[in-house]
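S.K.: Dropping the sequence and predicted coords here.
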Amino acid sequence: MRESQADAPRTRVAVVFGGTSSEHGVSCLTAAGVLGALDPEHYEVVGIGITRSGRWITMGSEAIAALQVRDGRLPELSEDATDAVLVRVADGAELAVRQQSALSQMVPVDVAMSLLHGPFGEDGTIQGLFEMMGTRYVGAGVLASAVGMDKHYMKLVLAATGLPVGPFVVITPADWARDRTGRLETVSALAFPVFVKPARGGSSLGISKVDDPTGLEAAVTAAQAYDPKVIVEQGFVGARELECGVLASADGGRPTASEVAEIRVHSVSGFYDFEAKYLPEEQVSLDVPADVAAALAEQVKELAVRTFEALGCEGLARVDVFVTADQQVVVNEINTMPGFTPHSMFPRMWAASGVSYPDLLDRLIRLALDRPVGLR
Ligand SMILES: Nc1ncnc2c1ncn2[C@@H]1O[C@H](COP(=O)(O)OP(=O)(O)O)[C@@H](O)[C@H]1O
Ligand SMILES: [Mg+2]
(Lines give C-alpha, C1' and ligand atoms only; values in the text may rest on other atoms or scores of the structure.)
(Ligands and ions follow the chains in the order given, each with its own letter.)
Protein backbone atom coordinates (compact mmCIF):
# COMPACT_ATOMS: atom_id res chain seq x y z
CA MET A 1 0.00 0.00 0.00
CA ARG A 2 1.27 3.47 -0.88
CA GLU A 3 1.98 5.34 2.35
CA SER A 4 1.27 8.81 1.01
CA GLN A 5 -2.23 7.95 -0.14
CA ALA A 6 -3.13 6.12 3.03
CA ASP A 7 -1.99 9.10 5.10
CA ALA A 8 -3.78 11.75 3.06
CA PRO A 9 -6.61 13.23 5.10
CA ARG A 10 -10.01 12.08 3.99
CA THR A 11 -12.43 14.61 2.56
CA ARG A 12 -15.42 14.99 4.83
CA VAL A 13 -18.55 15.10 2.68
CA ALA A 14 -21.85 16.11 4.22
CA VAL A 15 -24.42 14.25 2.13
CA VAL A 16 -27.87 15.79 2.48
CA PHE A 17 -30.94 13.79 1.45
CA GLY A 18 -34.63 13.11 2.07
CA GLY A 19 -36.31 16.50 2.31
CA THR A 20 -39.76 17.96 2.54
CA SER A 21 -40.65 17.71 -1.16
CA SER A 22 -42.74 14.98 -2.73
CA GLU A 23 -39.48 13.42 -3.96
CA HIS A 24 -38.33 12.55 -0.40
CA GLY A 25 -38.23 8.80 -1.06
CA VAL A 26 -36.39 9.12 -4.35
CA SER A 27 -33.74 11.25 -2.67
CA CYS A 28 -33.30 8.58 0.05
CA LEU A 29 -32.67 5.97 -2.64
CA THR A 30 -30.06 8.23 -4.20
CA ALA A 31 -28.33 8.60 -0.84
CA ALA A 32 -28.05 4.83 -0.47
CA GLY A 33 -26.55 4.62 -3.96
CA VAL A 34 -24.08 7.46 -3.45
CA LEU A 35 -22.96 6.16 -0.08
CA GLY A 36 -22.23 2.75 -1.55
CA ALA A 37 -20.00 4.34 -4.19
CA LEU A 38 -17.93 6.87 -2.22
CA ASP A 39 -14.57 5.26 -1.53
CA PRO A 40 -14.14 5.16 2.29
CA GLU A 41 -10.36 5.52 1.85
CA HIS A 42 -10.85 8.99 0.44
CA TYR A 43 -14.14 10.16 1.85
CA GLU A 44 -15.67 10.36 5.27
CA VAL A 45 -19.39 10.69 4.77
CA VAL A 46 -21.53 12.53 7.27
CA GLY A 47 -25.13 11.67 6.49
CA ILE A 48 -27.66 14.46 7.04
CA GLY A 49 -31.23 13.38 6.51
CA ILE A 50 -34.05 15.90 6.26
CA THR A 51 -37.31 14.37 7.41
CA ARG A 52 -40.61 15.03 5.69
CA SER A 53 -41.43 17.59 8.35
CA GLY A 54 -38.13 19.38 7.67
CA ARG A 55 -36.08 18.31 10.70
CA TRP A 56 -32.36 17.76 10.13
CA ILE A 57 -31.00 14.53 11.56
CA THR A 58 -27.68 12.71 11.28
CA MET A 59 -27.59 9.18 9.97
CA GLY A 60 -24.84 6.56 9.95
CA SER A 61 -23.76 4.58 6.91
CA GLU A 62 -25.70 1.45 7.78
CA ALA A 63 -28.94 3.32 8.24
CA ILE A 64 -28.42 5.08 4.90
CA ALA A 65 -27.58 1.84 3.09
CA ALA A 66 -30.88 0.40 4.39
CA LEU A 67 -32.87 3.06 2.49
CA GLN A 68 -34.35 0.82 -0.22
CA VAL A 69 -37.69 0.15 -1.89
CA ARG A 70 -39.60 -2.34 0.27
CA ASP A 71 -42.89 -3.93 -0.77
CA GLY A 72 -43.09 -1.44 -3.64
CA ARG A 73 -42.80 1.54 -1.26
CA LEU A 74 -40.12 4.18 -1.34
CA PRO A 75 -38.11 4.69 1.89
CA GLU A 76 -38.93 7.45 4.40
CA LEU A 77 -36.78 8.92 7.16
CA SER A 78 -37.94 8.49 10.74
CA GLU A 79 -38.73 11.63 12.73
CA ASP A 80 -37.50 9.86 15.85
CA ALA A 81 -33.90 11.10 15.92
CA THR A 82 -31.57 13.76 17.31
CA ASP A 83 -31.60 17.18 15.63
CA ALA A 84 -28.52 18.21 13.67
CA VAL A 85 -27.55 21.78 12.80
CA LEU A 86 -24.97 23.50 10.62
CA VAL A 87 -22.98 26.11 12.50
CA ARG A 88 -21.01 28.85 10.76
CA VAL A 89 -17.36 29.01 11.85
CA ALA A 90 -14.46 31.14 10.61
CA ASP A 91 -13.55 29.02 7.58
CA GLY A 92 -16.79 27.29 6.66
CA ALA A 93 -19.38 25.26 8.47
CA GLU A 94 -19.38 22.62 11.16
CA LEU A 95 -22.01 20.08 11.91
CA ALA A 96 -23.37 19.93 15.41
CA VAL A 97 -25.83 17.65 17.12
CA ARG A 98 -28.29 18.97 19.67
CA GLN A 99 -28.37 17.05 22.91
CA GLN A 100 -31.00 18.30 25.31
CA SER A 101 -30.56 21.99 24.64
CA ALA A 102 -26.78 22.01 24.16
CA LEU A 103 -24.85 21.57 20.91
CA SER A 104 -22.06 19.01 20.82
CA GLN A 105 -19.94 16.71 18.67
CA MET A 106 -18.79 19.23 16.11
CA VAL A 107 -17.11 18.15 12.90
CA PRO A 108 -15.94 20.51 10.16
CA VAL A 109 -17.50 19.98 6.74
CA ASP A 110 -15.16 20.09 3.71
CA VAL A 111 -17.86 19.89 1.09
CA ALA A 112 -21.61 19.43 1.05
CA MET A 113 -23.51 17.36 -1.46
CA SER A 114 -27.24 17.84 -1.57
CA LEU A 115 -29.07 14.90 -3.05
CA LEU A 116 -32.43 16.56 -2.46
CA HIS A 117 -34.82 16.73 -5.37
CA GLY A 118 -37.55 19.29 -5.84
CA PRO A 119 -38.46 22.44 -3.91
CA PHE A 120 -36.42 23.18 -0.77
CA GLY A 121 -33.41 21.32 -2.08
CA GLU A 122 -32.97 21.47 -5.83
CA ASP A 123 -34.38 24.99 -6.11
CA GLY A 124 -31.60 27.15 -4.68
CA THR A 125 -32.82 27.21 -1.09
CA ILE A 126 -30.27 24.81 0.40
CA GLN A 127 -27.65 26.22 -1.96
CA GLY A 128 -28.39 29.60 -0.35
CA LEU A 129 -27.84 28.06 3.07
CA PHE A 130 -24.47 26.67 1.98
CA GLU A 131 -23.53 30.09 0.59
CA MET A 132 -24.46 31.72 3.90
CA MET A 133 -22.39 29.10 5.73
CA GLY A 134 -19.35 29.58 3.46
CA THR A 135 -19.45 25.89 2.61
CA ARG A 136 -18.37 24.48 -0.73
CA TYR A 137 -21.04 22.33 -2.30
CA VAL A 138 -21.65 20.13 -5.30
CA GLY A 139 -23.66 21.39 -8.25
CA ALA A 140 -25.51 24.48 -9.39
CA GLY A 141 -25.58 27.69 -7.37
CA VAL A 142 -28.59 29.59 -6.08
CA LEU A 143 -29.78 31.25 -9.28
CA ALA A 144 -29.23 28.33 -11.65
CA SER A 145 -30.92 25.98 -9.18
CA ALA A 146 -33.91 28.28 -8.80
CA VAL A 147 -34.31 28.94 -12.51
CA GLY A 148 -33.76 25.28 -13.38
CA MET A 149 -36.42 24.18 -10.92
CA ASP A 150 -39.06 26.57 -12.21
CA LYS A 151 -40.33 25.41 -15.60
CA HIS A 152 -41.68 28.93 -16.29
CA TYR A 153 -38.47 30.90 -15.65
CA MET A 154 -36.36 28.18 -17.24
CA LYS A 155 -38.28 28.68 -20.48
CA LEU A 156 -38.00 32.47 -20.25
CA VAL A 157 -34.22 32.30 -19.85
CA LEU A 158 -33.79 29.73 -22.62
CA ALA A 159 -36.04 31.64 -25.00
CA ALA A 160 -34.16 34.88 -24.25
CA THR A 161 -30.92 33.05 -25.10
CA GLY A 162 -32.41 31.90 -28.40
CA LEU A 163 -32.83 28.26 -27.38
CA PRO A 164 -35.95 26.33 -28.44
CA VAL A 165 -38.79 25.75 -25.97
CA GLY A 166 -42.46 24.93 -26.57
CA PRO A 167 -45.54 27.16 -26.16
CA PHE A 168 -46.91 27.45 -22.61
CA VAL A 169 -49.25 29.37 -20.30
CA VAL A 170 -48.59 30.03 -16.60
CA ILE A 171 -51.34 30.07 -13.97
CA THR A 172 -50.33 31.72 -10.70
CA PRO A 173 -52.55 31.51 -7.59
CA ALA A 174 -53.44 35.18 -8.15
CA ASP A 175 -54.48 34.50 -11.79
CA TRP A 176 -56.60 31.59 -10.61
CA ALA A 177 -58.30 33.63 -7.89
CA ARG A 178 -58.91 36.68 -10.12
CA ASP A 179 -59.89 35.26 -13.48
CA ARG A 180 -60.16 31.51 -13.62
CA THR A 181 -62.32 31.51 -16.75
CA GLY A 182 -59.98 33.86 -18.56
CA ARG A 183 -56.96 31.69 -17.78
CA LEU A 184 -58.74 28.56 -18.95
CA GLU A 185 -59.66 30.33 -22.18
CA THR A 186 -56.04 31.38 -22.73
CA VAL A 187 -54.94 27.80 -22.17
CA SER A 188 -57.58 26.56 -24.61
CA ALA A 189 -55.80 28.51 -27.35
CA LEU A 190 -52.89 26.03 -27.10
CA ALA A 191 -53.09 22.97 -29.36
CA PHE A 192 -54.33 19.90 -27.46
CA PRO A 193 -53.26 17.66 -25.87
CA VAL A 194 -51.62 19.85 -23.26
CA PHE A 195 -49.53 18.87 -20.23
CA VAL A 196 -50.59 20.52 -16.98
CA LYS A 197 -47.73 20.59 -14.48
CA PRO A 198 -46.72 21.98 -11.09
CA ALA A 199 -44.27 24.71 -12.20
CA ARG A 200 -41.65 23.52 -9.71
CA GLY A 201 -42.37 19.82 -9.57
CA GLY A 202 -40.43 16.71 -10.41
CA SER A 203 -40.71 12.96 -10.87
CA SER A 204 -43.87 13.67 -12.92
CA LEU A 205 -45.88 14.09 -9.71
CA GLY A 206 -49.01 16.19 -10.24
CA ILE A 207 -48.69 16.14 -14.06
CA SER A 208 -51.70 15.36 -16.27
CA LYS A 209 -52.03 14.98 -19.99
CA VAL A 210 -55.26 16.70 -21.01
CA ASP A 211 -56.86 15.90 -24.35
CA ASP A 212 -59.56 18.59 -24.49
CA PRO A 213 -60.63 21.73 -22.58
CA THR A 214 -63.18 19.87 -20.43
CA GLY A 215 -60.39 18.19 -18.45
CA LEU A 216 -58.42 21.37 -17.79
CA GLU A 217 -59.85 22.61 -14.53
CA ALA A 218 -59.44 19.28 -12.73
CA ALA A 219 -55.87 18.99 -14.03
CA VAL A 220 -54.99 22.49 -12.79
CA THR A 221 -56.39 21.63 -9.35
CA ALA A 222 -54.38 18.38 -9.31
CA ALA A 223 -51.16 20.26 -10.16
CA GLN A 224 -51.92 22.91 -7.52
CA ALA A 225 -51.80 20.18 -4.88
CA TYR A 226 -48.02 20.12 -5.55
CA ASP A 227 -47.35 23.76 -6.36
CA PRO A 228 -49.62 26.83 -6.27
CA LYS A 229 -47.99 27.89 -9.53
CA VAL A 230 -49.00 25.80 -12.53
CA ILE A 231 -47.68 25.69 -16.08
CA VAL A 232 -49.66 24.37 -19.01
CA GLU A 233 -47.60 23.27 -21.99
CA GLN A 234 -48.57 22.39 -25.50
CA GLY A 235 -48.04 18.65 -25.93
CA PHE A 236 -45.61 17.31 -28.50
CA VAL A 237 -47.51 14.47 -30.10
CA GLY A 238 -45.42 11.63 -31.45
CA ALA A 239 -42.19 13.28 -30.28
CA ARG A 240 -39.18 11.23 -29.21
CA GLU A 241 -37.93 11.90 -25.70
CA LEU A 242 -34.14 12.16 -25.37
CA GLU A 243 -31.90 13.03 -22.43
CA CYS A 244 -28.30 14.15 -22.13
CA GLY A 245 -26.00 14.55 -19.13
CA VAL A 246 -23.73 17.58 -18.79
CA LEU A 247 -20.67 17.90 -16.58
CA ALA A 248 -18.65 21.04 -15.94
CA SER A 249 -14.98 20.88 -16.92
CA ALA A 250 -12.29 20.90 -14.26
CA ASP A 251 -10.14 23.35 -16.25
CA GLY A 252 -12.87 25.95 -16.73
CA GLY A 253 -13.33 24.88 -20.36
CA ARG A 254 -16.62 24.12 -22.05
CA PRO A 255 -18.86 21.64 -20.19
CA THR A 256 -18.98 18.16 -21.68
CA ALA A 257 -22.04 16.21 -22.77
CA SER A 258 -22.62 12.51 -22.20
CA GLU A 259 -23.97 10.03 -24.68
CA VAL A 260 -27.64 10.70 -25.42
CA ALA A 261 -30.32 8.33 -24.09
CA GLU A 262 -33.89 7.73 -25.18
CA ILE A 263 -37.00 7.04 -23.12
CA ARG A 264 -39.66 5.01 -24.83
CA VAL A 265 -42.86 4.84 -22.83
CA HIS A 266 -45.47 2.10 -23.04
CA SER A 267 -47.47 3.07 -19.94
CA VAL A 268 -51.24 3.55 -19.92
CA SER A 269 -50.84 7.28 -19.29
CA GLY A 270 -48.80 7.54 -22.50
CA PHE A 271 -46.04 9.60 -20.87
CA TYR A 272 -43.06 9.15 -18.57
CA ASP A 273 -45.08 9.27 -15.35
CA PHE A 274 -44.08 8.49 -11.75
CA GLU A 275 -44.80 4.77 -12.02
CA ALA A 276 -42.78 4.47 -15.21
CA LYS A 277 -39.88 6.29 -13.50
CA TYR A 278 -39.59 4.33 -10.29
CA LEU A 279 -41.40 1.05 -10.59
CA PRO A 280 -40.02 -1.95 -12.49
CA GLU A 281 -39.13 -1.27 -16.09
CA GLU A 282 -42.23 -2.70 -17.76
CA GLN A 283 -43.82 0.55 -18.80
CA VAL A 284 -40.70 2.09 -20.19
CA SER A 285 -37.63 1.22 -22.25
CA LEU A 286 -34.49 3.18 -21.52
CA ASP A 287 -32.01 3.08 -24.38
CA VAL A 288 -28.53 4.11 -23.27
CA PRO A 289 -27.17 5.17 -25.66
CA ALA A 290 -30.14 6.09 -27.84
CA ASP A 291 -30.47 4.58 -31.28
CA VAL A 292 -30.30 7.91 -33.12
CA ALA A 293 -28.36 9.27 -36.08
CA ALA A 294 -24.97 10.72 -35.15
CA ALA A 295 -26.02 14.18 -36.35
CA LEU A 296 -29.09 14.20 -34.12
CA ALA A 297 -27.05 13.03 -31.12
CA GLU A 298 -24.59 15.87 -31.75
CA GLN A 299 -27.43 18.38 -32.00
CA VAL A 300 -28.86 17.20 -28.66
CA LYS A 301 -25.45 17.34 -26.96
CA GLU A 302 -24.83 20.85 -28.25
CA LEU A 303 -28.26 22.00 -27.08
CA ALA A 304 -27.69 20.38 -23.67
CA VAL A 305 -24.39 22.22 -23.19
CA ARG A 306 -25.89 25.52 -24.35
CA THR A 307 -28.82 25.05 -21.95
CA PHE A 308 -26.38 24.36 -19.09
CA GLU A 309 -24.47 27.53 -19.94
CA ALA A 310 -27.59 29.67 -20.50
CA LEU A 311 -28.65 29.01 -16.90
CA GLY A 312 -25.13 29.40 -15.50
CA CYS A 313 -25.14 25.86 -14.11
CA GLU A 314 -22.20 24.39 -12.24
CA GLY A 315 -21.17 20.81 -11.67
CA LEU A 316 -23.85 18.76 -13.34
CA ALA A 317 -27.24 18.81 -15.01
CA ARG A 318 -29.42 16.57 -17.11
CA VAL A 319 -31.13 18.19 -20.06
CA ASP A 320 -34.27 16.54 -21.44
CA VAL A 321 -35.47 17.30 -24.95
CA PHE A 322 -38.21 16.35 -27.35
CA VAL A 323 -37.50 15.59 -30.97
CA THR A 324 -40.71 16.51 -32.74
CA ALA A 325 -42.24 14.64 -35.65
CA ASP A 326 -40.67 17.22 -38.00
CA GLN A 327 -37.21 16.76 -36.41
CA GLN A 328 -37.14 19.95 -34.32
CA VAL A 329 -35.21 19.55 -31.06
CA VAL A 330 -36.93 21.40 -28.21
CA VAL A 331 -35.84 21.59 -24.55
CA ASN A 332 -38.39 20.07 -22.17
CA GLU A 333 -36.53 20.67 -18.93
CA ILE A 334 -33.24 20.80 -17.10
CA ASN A 335 -32.59 19.02 -13.82
CA THR A 336 -29.77 20.50 -11.76
CA MET A 337 -29.94 17.53 -9.36
CA PRO A 338 -31.04 14.71 -11.65
CA GLY A 339 -31.99 11.26 -10.37
CA PHE A 340 -28.71 9.90 -9.09
CA THR A 341 -29.11 6.30 -8.02
CA PRO A 342 -26.70 3.95 -9.84
CA HIS A 343 -29.69 2.95 -12.05
CA SER A 344 -30.76 6.50 -12.86
CA MET A 345 -30.40 7.93 -16.34
CA PHE A 346 -27.69 10.48 -15.51
CA PRO A 347 -25.18 7.94 -14.13
CA ARG A 348 -26.13 5.46 -16.85
CA MET A 349 -25.49 7.99 -19.61
CA TRP A 350 -22.10 8.78 -18.11
CA ALA A 351 -21.28 5.10 -17.70
CA ALA A 352 -22.01 4.74 -21.44
CA SER A 353 -19.59 7.64 -21.97
CA GLY A 354 -16.81 5.97 -19.98
CA VAL A 355 -17.32 7.66 -16.60
CA SER A 356 -18.21 5.17 -13.84
CA TYR A 357 -20.53 6.02 -10.93
CA PRO A 358 -17.68 6.36 -8.38
CA ASP A 359 -15.68 8.45 -10.90
CA LEU A 360 -18.68 10.69 -11.43
CA LEU A 361 -18.91 11.34 -7.68
CA ASP A 362 -15.15 11.97 -7.47
CA ARG A 363 -15.35 14.44 -10.31
CA LEU A 364 -18.31 16.33 -8.81
CA ILE A 365 -16.70 16.54 -5.39
CA ARG A 366 -13.39 17.67 -6.92
CA LEU A 367 -15.17 20.39 -8.91
CA ALA A 368 -16.87 21.58 -5.72
CA LEU A 369 -13.64 21.60 -3.71
CA ASP A 370 -11.84 23.54 -6.43
CA ARG A 371 -14.32 26.37 -6.72
CA PRO A 372 -14.14 29.41 -4.47
CA VAL A 373 -16.81 30.26 -1.94
CA GLY A 374 -18.71 33.52 -2.39
CA LEU A 375 -19.60 35.17 -5.69
CA ARG A 376 -18.13 33.33 -8.62
N1 LIG B 1 -45.03 19.27 -23.67
C2 LIG B 1 -44.99 17.92 -23.59
N3 LIG B 1 -45.28 17.15 -24.69
C4 LIG B 1 -45.24 15.79 -24.61
N5 LIG B 1 -44.94 15.11 -23.50
C6 LIG B 1 -44.65 15.81 -22.39
C7 LIG B 1 -44.66 17.25 -22.38
N8 LIG B 1 -44.30 17.66 -21.15
C9 LIG B 1 -44.11 16.55 -20.43
N10 LIG B 1 -44.32 15.43 -21.14
C11 LIG B 1 -44.20 14.05 -20.63
O12 LIG B 1 -44.32 14.09 -19.22
C13 LIG B 1 -43.10 13.70 -18.57
C14 LIG B 1 -42.84 14.51 -17.32
O15 LIG B 1 -42.75 15.88 -17.65
P16 LIG B 1 -41.55 16.78 -17.12
O17 LIG B 1 -41.77 18.16 -17.59
O18 LIG B 1 -40.27 16.15 -17.52
O19 LIG B 1 -41.77 16.73 -15.56
P20 LIG B 1 -40.82 16.34 -14.33
O21 LIG B 1 -40.07 17.59 -13.99
O22 LIG B 1 -41.78 15.95 -13.25
O23 LIG B 1 -39.90 15.24 -14.80
C24 LIG B 1 -42.04 13.85 -19.66
O25 LIG B 1 -40.95 13.00 -19.38
C26 LIG B 1 -42.81 13.46 -20.90
O27 LIG B 1 -42.98 12.04 -21.02
MG1 LIG C 1 -38.76 15.18 -16.49
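M.R.: Here it is on my side, so go on. Ligands and ions are numbered 1, 2, ... in the order given.

S.K.: Every contact and neighbour count from this point should use C-alpha atoms.
M.R.: OK.

S.K.: For the most centrally placed residue in the chain, which residues are in contact?
M.R.: What sits nearest the mean C-alpha location of the chain, by CA atoms, centre = their mean, is residue 337, with 2.7 Å. Going by CA atoms under 8 Å, 6 or more residues apart in numbering, residue 337 touches 115, 116, 117, 122, 139, 316, 317, 318.

S.K.: Next, find the distance separating the second one from ligand 1.
M.R.: Looking back up the chat, that one is residue 116. Distance of residue 116 to ligand 1, computed by CA to the nearest ligand atom, to the nearest Å: 14 Å.

S.K.: So that residue, which state does it fall into?
M.R.: Of the three states, residue 116 takes coil under DSSP: H, G, I helix; E, B strand; the rest coil.

S.K.: What is the neighbour count of it?
M.R.: The criterion is other CA atoms under 10 Å. On that basis, residue 116 has 31 neighbouring residues.

S.K.: give the contact list for the closest residue to ligand 1 within the stretch 1-150 of the chain.
M.R.: Using CA to the nearest ligand atom, the single residue of the stretch 1-150 of the chain nearest to ligand 1 is residue 149, 8.1 Å away. By CA under 8 Å, 6+ apart, residue 149 lies in contact with 118, 119, 122, 123, 199, 200, 201, 334, 335, 336.

S.K.: List phi and psi for it.
M.R.: As for residue 149, its main-chain torsions (degrees, to the nearest 10) stand at phi -70, psi -30.

S.K.: host element of residue 153?
M.R.: In the assignment (DSSP states H and E), residue 153 maps to helix 151-160.

S.K.: can you list contacts of that helix?
M.R.: Under the criterion CA under 8 Å, 6+ apart, residues 147, 148, 164, 165, 170, 199, 200, 231, 307, 310, 311, 333 lie in contact with helix 151-160.

S.K.: And for stretch 199-216?
M.R.: Residues from elsewhere that reach stretch 199-216, judged by CA under 8 Å, 6+ apart: 22-23, 117-119, 149-152, 184, 188, 192-198, 219, 222-227, 229-231, 269, 272-274, 277.

S.K.: Return the residues of the chain in contact with ligand 1.
M.R.: Listed as neighbours of ligand 1 in the chain under the rule CA under 6 Å from any ligand atom: 195, 201-205, 233-236, 271-273, 332-333.

S.K.: Could you tell me which of those residues count as buried?
M.R.: Burial by neighbour count, 16 or more other CA atoms under 10 Å: within the residues of the chain next to ligand 1 this picks out 195, 201-205, 233-236, 271-273, 332-333.

S.K.: re the thing from before, same question for the helix holding residue 153: list its buried residues.
M.R.: When burial is assessed from 16+ other CA under 10 Å, helix 151-160 yields the following buried residues: 151, 152, 154, 155, 157, 158.

S.K.: partner residues bridging residue 210?
M.R.: Beta-bridge partners recorded for residue 210 (DSSP bridges): residue 194.

S.K.: what's the spacing between it and residue 222?
M.R.: Look at residue 210 and residue 222: by CA to CA, to the nearest Å, they are 12 Å apart.

S.K.: got it, and residue 209?
M.R.: With distances defined as CA to CA, the gap from residue 209 to residue 222 amounts to 11 Å.
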